[in-house]
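Enquirer: predicted model follows, preceded by the sequence.
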Amino acid sequence: MANFWTGYAWPTVITAIEVVIVVVPLLLAIAMLTYAERKVLAFSQLRKGPNVVGPFGLLQPFADGLKLLVKETIVPSGANRVVFVVAPLITFTLALVAWAVIPFDPGVVIANINVGILYLFAISSLGVYGIILAGWASNSRYAFLGALRSAAQMVSYEVAIGFVLVTVLLCAGSLNLTEIVEAQRHIWFAIPLLPMFVIFFISALAETGRAPFDLPEGETEIVAGYFVEYSSMTFALFYLGEYGNMILMSAMTSVLFLGGWLAPFGVAPFTWVPGPIWFALKIAFVLFCFLWVRATFPRFRYDQLMRLGWKVFLPFSLLWLVLTAGVLTAAGWLPQR
């Protein structure tokens with residue numbers, strides 16, 4: 001029995017506790033992000049935003065969640081009931097499991113695997129399945145068109161994101177996310193790789209379906225996109241998945257380009273602040289940029305969206321990757337074979 005606990009059960013319990021410690025604050029952050037978005041948009045439009053439920057409207061996300069929880073889940077008569085319900089679960093689950101490899105501080109990570117960046121890229125690529133299944137299972141032309149749009153958009157910008165990731169890996173010399181952060185101890189990758197940083201951020205907007213790339217939700221053409229037939233908690237799961245992906249992409253931006261938990265400039269008094277606090281502040285800054293862009297820019301047309309991804313970002317990111325590899329090789333920072 002002792003061998004059972006030390007060999008199997010106890011490590012499993014420890015991992016479960018770590019998962020709860022990560023997931024519960026993440027769900028709370030998702031709830032408060034909806035509040036922050038409404039406040040940022042309100043301030044940018046000279047409105048007040050949520051200000052009734054709780055002090056300063058802070059309880060508004062919980063009131064919205066309770067409303068969705070008690071509403072009836074309506075499944076269209078022609079829909080595939082099992083796939084219709086499973087699709088939002090896939091989207092929401094993928095937004096959570098990706099956090100297994102995100103490091104919050106040296107050694108503070110659920111799974112410190114050596115191919116963490118490949119794991120993140122794989123999880124982000126799987127997100128398209130939930131959207132396609134939702135559009136198909138709804139048995140609605142509007143939902144199916146929205147799903148096809150969203151899938152094409154995500155696939156298009158994942159190519160550019162892939163080249164950006166390879167460029168970062170060349171500079172860091174590792175696939176491990178902790179080692180990528182440590183490689184930025186002297187200078188954040190956002191400075192020497194500024195064009196790739198910009199491409200990654202814009203591609204993250206498109207990958208998460210945020211404005212100005214929220215084409216899957218174009219009200220004038222396809223109503224509300226792939227989740228037009230969803231209601232109550234099934235709709236809420238898509239909503240939670242979208243905001244969870246926003247926080248995930250902000251964390252990836254922080255890890256890959258903004259030094260993760262490392263303090264700015266590496267000098268006092270910045271180093272007095274704990275690393276996880278810096279990590280959270282950087283995520284909050286990137287999330288604010290997400291919301292700021294939505295409040296500022298109009299929606300792209302679909303042809304403009306695809307042209308930007310395939311004719312601008314793809315060739316430019318490939319060119320910058322080749323230039324980065326050439327510079328590193330000439331400087332002797334890449335191994336010669």
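Expert: Good, I have the coordinates.
Enquirer: contacts, neighbours, all on C-alpha from now
Expert: Fine.
Enquirer: helices of this structure, residue ranges please.
Expert: When assigned using DSSP state H, the helices of the chain occupy the ranges 2-4, 10-44, 60-70, 81-97, 116-137, 141-172, 177-182, 194-207, 219-222, 232-257, 275-296, 302-307, 314-330.
Enquirer: got the ones you listed as CSV, with mean neighbour count, mean pLDDT and distance to Gly107 columns?
Expert: Shown next, in CSV, are the helices of the chain (neighbours: other CA atoms under 10 Å; pLDDT from 0 to 100; distance: least, CA to CA, whole Å):
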stretch, mean neighbour count, mean pLDDT, distance to Gly107
helix 2-4, 8, 53, 26
helix 10-44, 15, 90, 13
helix 60-70, 15, 91, 33
helix 81-97, 19, 91, 18
helix 116-137, 20, 89, 14
helix 141-172, 21, 89, 18
helix 177-182, 22, 93, 8
helix 194-207, 21, 93, 26
helix 219-222, 12, 60, 45
helix 232-257, 23, 92, 14
helix 275-296, 18, 93, 12
helix 302-307, 14, 88, 40
helix 314-330, 16, 92, 29
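Enquirer: could you dump these to a markdown table with distance to Ala263?
Expert: As requested, the helices of the chain are exported to a markdown table (distance: least, CA to CA, whole Å):
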| stretch | distance to Ala263 |
| --- | --- |
| helix 2-4 | 42 |
| helix 10-44 | 22 |
| helix 60-70 | 32 |
| helix 81-97 | 26 |
| helix 116-137 | 22 |
| helix 141-172 | 18 |
| helix 177-182 | 11 |
| helix 194-207 | 19 |
| helix 219-222 | 43 |
| helix 232-257 | 12 |
| helix 275-296 | 6 |
| helix 302-307 | 36 |
| helix 314-330 | 26 |
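Enquirer: closest to Asn51 out of the ones you listed?
Expert: Across those, the minimum distance to Asn51, taken as CA to CA, is reached by helix 60-70, at 8.2 Å.
Enquirer: would you confirm that Leu81 contacts Val75?
Expert: Heads up, residue 81 is Arg, not Leu. Yes - counting by CA atoms under 8 Å, Arg81 touches Val75, with 6.8 Å between them.
Enquirer: Ile283 and Ala251 touch, don't they?
Expert: Yes - contact between Ile283 and Ala251 holds when scored by CA under 8 Å: they sit 5.5 Å apart.
Enquirer: out of the helices of the chain, which is closest to Ile110?
Expert: Distance to Ile110, taken as CA to CA, is lowest for helix 10-44 among the helices of the chain, at 6.5 Å.
Enquirer: the inter-axis angle of the closest one versus helix 60-70?
Expert: Counting by axes from the mean of the first three to the mean of the last three CA atoms, to 10 degrees, helix 10-44 points 110 degrees away from the direction of helix 60-70.
Enquirer: same for helix 10-44, what does it pack against?
Expert: Using 3 or more CA pairs under 8 Å, 6 or more residues apart in numbering; DSSP states H and E as the contact criterion, the elements in contact with helix 10-44 are helix 60-70, helix 232-257, helix 275-296.
Enquirer: report all helices and strands that the last one contacts.
Expert: For helix 275-296, the elements it packs on are helix 10-44, helix 232-257, judged by 3+ CA pairs under 8 Å, 6+ apart.
Enquirer: using CSV, lay out these together with distance to Phe92.
Expert: CSV is the format used below for these (distance: least, CA to CA, whole Å):
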stretch, distance to Phe92
helix 10-44, 11
helix 232-257, 4
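Enquirer: between the ones you listed, which gets nearest to Val70?
Expert: The closest approach between Val70 and any of the helices and strands packed on helix 275-296, judged by CA to CA, belongs to helix 232-257 at 7.5 Å.
Enquirer: next, the angle helix 10-44 makes with that closest one.
Expert: Relative orientation of helix 232-257 versus helix 10-44 (the same axes, to 10 degrees): 90 degrees.
Enquirer: name all residues that make contact with the nearest residue to Trp99 once chain neighbours are set aside.
Expert: What sits nearest to Trp99 in space, not counting adjacent residues and going by CA to CA, 6 or more residues apart in numbering, is Leu248, at 7.4 Å. By CA atoms under 8 Å, 6 or more residues apart in numbering, the contact list for Leu248 reads Ala95, Ala98, Trp99.
Enquirer: what's in contact with stretch 86-93?
Expert: 127, 129-131, 133-134, 234-235, 237-238, 240-242, 244.
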